[in-house]
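K.L.:
from the sequence below, what's the structure:
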Amino acid sequence: MNMIVKFAGAAALAAVLLQGPACAQDASIKIPEQKVDEALRAKLPEAIRTAGKMISVNNGSFPPYEIVTDAKTMTGASAELSDAIGQLLGVKIEHATVSGLAAALSGIAAGRFQFAMGPIGDFKSRQEANDFVDYVREFVIFAVQKGNPKAIASLDDTCGKKIAVMSAGSAEKVIKAQAEKCAAEGKPALEVMSFTDQPTSILSVRSRRSDGFFSSQAPLTYFVQQAKGDLELAAVGKANGFQDLFQGAVVPKGSPLGEVLLASIKVLKANGTYEAIFKKWGLDNNMIGEPGINLSKN
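P.N.:
Numbering: from 1, shown residues only. As a prediction, this is how the structure comes out:
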């Protein structure tokens, strides 16, 4: 069972934009209840066993992984995966929502939250302060207006365009580098429009303030489905400035919780729960063959 400990203002907008989340899932797939794995539970830090709970931080705006529909409810693939992990470990996992990725990572570093279920992009630069328990393989593309009027077929087509991106995310770094490349080559300027969350970013495309939203394929697929024909995906199947892109849960650097989460996810892969959750939420193409810690080489 999920509970939002703190609810950011952005989630209110998400609730408007994410109406009808049930449409994005296969309700016929049932997620099995897990039994407590005493061996795994014994590996939890004593403070967590004593508290009987952990708090996972999110920014409330990363469907279909994290879908905040009101101040008390979060659904999505990550919510169900964290529920299953909590059942295995015999602890309750609560969910705290903050505004933006930077706030989530700083909250973990400050010890206000034990981890972030994410998935959050794993990059070498972020590994300096965090460990990533990678359980997703992702691709970064564009959501554009219907008919793709600005003809965005790859990252190379963004010079002279207005591109929305989530602030502090990995895509922001890539699109800013592309803006510098456009300038260095004497091409029309690329305007980077950074927003604190995904719903606001996608709204900028629907309202035509931006020409495209550059982000992970899984949430963009969800947003396009919800847009009822107003939007479409672009630059699918292109590298778009990324090599292998892994995403996962985040814990403080060196935390023993990282190995516990990894072992838990491996148990859920072995008993079919991981696959059931990913298939339920249409994430078949984002399943990872072998989860691991700090898999990214980028």
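
K.L.:
how far is stretch 86-106 from where the chain is centred?
P.N.:
Chain-centre distance of stretch 86-106: 13 Å, with CA atoms, centre = their mean, to the nearest Å.

K.L.:
what about the strands in the chain?
P.N.:
53-58, 61-62, 66-70, 73-75, 92-97, 116-121, 130-138, 140-145, 162-166, 191-195, 212-216, 231-234, 245-252, 287-293 (DSSP state E).

K.L.:
adding distance to residue 84 and mean neighbour count, write the ones you listed out as TSV.
P.N.:
Any C-beta I mention is one placed from the backbone N, CA and C, and that applies to glycine too. Listed next are the strands of the chain as TSV, based on distance: least, CB to CB, whole Å; neighbours: other CB atoms under 10 Å:
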stretch	distance to residue 84	mean neighbour count
strand 53-58	13	23
strand 61-62	18	29
strand 66-70	15	23
strand 73-75	14	19
strand 92-97	10	21
strand 116-121	11	27
strand 130-138	12	24
strand 140-145	27	26
strand 162-166	27	25
strand 191-195	31	18
strand 212-216	22	28
strand 231-234	29	19
strand 245-252	13	25
strand 287-293	14	16
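
K.L.:
now those as TSV including mean pLDDT and distance to residue 273?
P.N.:
Conversion of the strands of the chain to TSV gives the following (pLDDT from 0 to 100; distance: least, CB to CB, whole Å):
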stretch	mean pLDDT	distance to residue 273
strand 53-58	92	17
strand 61-62	74	21
strand 66-70	78	18
strand 73-75	79	16
strand 92-97	90	15
strand 116-121	92	15
strand 130-138	94	12
strand 140-145	96	27
strand 162-166	96	29
strand 191-195	96	34
strand 212-216	95	23
strand 231-234	96	29
strand 245-252	94	16
strand 287-293	94	12
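
K.L.:
and for this structure, the residue most distant from the center?
P.N.:
Taking CA atoms, centre = their mean, the residue of the chain most remote from its mean C-alpha position is residue 186, at 34.6 Å.

K.L.:
distance of that residue relative to residue 139?
P.N.:
As judged by CB to CB, to the nearest Å, residue 186 and residue 139 stand 30 Å apart.

K.L.:
chain neighbours aside, what residue packs nearest to the spatially most central residue of the chain?
P.N.:
Centroid-nearest residue in the chain: residue 119, 4.1 Å away (criterion: CA atoms, centre = their mean). With sequence-adjacent residues excluded and distances taken as CB to CB, 6 or more residues apart in numbering, residue 119 is closest to residue 247, at 3.4 Å.

K.L.:
the one you found: what's it in contact with?
P.N.:
Neighbour list for residue 247: 118-122, 132, 134-138, 216 [criterion: CB atoms under 8 Å, 6 or more residues apart in numbering].

K.L.:
could the residues you listed go into TSV alongside distance to residue 28?
P.N.:
Shown next, in TSV, are the contacts of residue 247 (distance: CB to CB, whole Å):
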residue	distance to residue 28
118	26
119	24
120	30
121	31
122	32
132	32
134	29
135	23
136	23
137	25
138	26
216	26
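
K.L.:
from those residues, pick the one nearest residue 146.
P.N.:
residue 216 (20.7 Å; CB to CB).

K.L.:
roughly how far does the closest one sit from residue 284?
P.N.:
Taken as CB to CB, the span from residue 216 to residue 284 is 15 Å.

K.L.:
with residue 33 instead?
P.N.:
23 Å.

K.L.:
and what of residue 67?
P.N.:
Counting by CB to CB - residue 67 and residue 284 are separated by 18 Å.

K.L.:
mind showing which ranges of the chain have poor pLDDT?
P.N.:
The chain contains residues with pLDDT under 70 at 1-24, 61, 70-73.

K.L.:
and the helices in it, which stretches?
P.N.:
Using DSSP state H, the helices of the chain run over 10-17, 38-42, 46-51, 77-89, 101-109, 124-127, 170-184, 198-206, 217-226, 257-270, 273-280.

K.L.:
what sits against residue 220?
P.N.:
141-143, 202, 213, 233.

K.L.:
mind putting these into JSON lines with distance to residue 112?
P.N.:
Converted to JSON lines, these look like this (distance: CB to CB, whole Å):
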{"residue": "141", "distance to residue 112": "33"}
{"residue": "142", "distance to residue 112": "34"}
{"residue": "143", "distance to residue 112": "32"}
{"residue": "202", "distance to residue 112": "28"}
{"residue": "213", "distance to residue 112": "29"}
{"residue": "233", "distance to residue 112": "36"}
